[in-house]
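[1] Below is the sequence, then the predicted model.
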Amino acid sequence: MPANNHEDRTRQIALALSERRDIARIMLRREMDARGLTEGAGWKIDEQLRNVVGGTELILRPIHLREHAPQDLVYVVAISEEDGSTNLRR
């Protein structure tokens, strides 16, 4: 693949990841607010990257300095190593 095509593809993947991340943050924040896990009460959104077989995942979950976060409130943006496609799941 020529350098320009590779750079264009990388840009496309980065844009898709950014869009899915923004959607995941909005959806997570709505669910957090509905459960009373508000910014005003000290709740933030934690983001972690992890390598998995077949790609990379961006994990978004609530976090608080003193409170325990619910284990069932997690969003994942998956990036395929094969074709660069992104997928959002809860």
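    Received the coordinates, thanks.

[2] CA atoms for contacts and neighbours, from now on please.
    Noted.

[3] Which parts of this protein are strands?
    Ranges of strands in the chain, per DSSP state E, are 44-52, 55-63, 75-80, 86-89.

[4] list the contacts for Ile59?
    For Ile59, the contact set (CA atoms under 8 Å, 6 or more residues apart in numbering) comprises Asp46, Glu47, Gln48, Leu49, Arg50, Val74, Tyr75, Val76, Val77.

[5] what's the closest of these to Met27?
    Nearest to Met27 among these: Tyr75, at 8.6 Å, using CA to CA.

[6] tell me the contacts of the closest one?
    Ala24, Leu28, Ile59, Leu60, Arg61, Leu88, Arg89, Arg90.

[7] Can you report how many residues neighbour the second one?
    Neighbour count of Leu28, defined by other CA atoms under 10 Å: 20.

[8] Met32 is nearest to which of the strands of the chain?
    Between Met32 and those, the shortest gap by CA to CA is with strand 55-63, which sits at 7.4 Å.

[9] How much space separates Gln12 from Ala24?
    Relative to Ala24, Gln12 is positioned 18 Å away (CA to CA, to the nearest Å).
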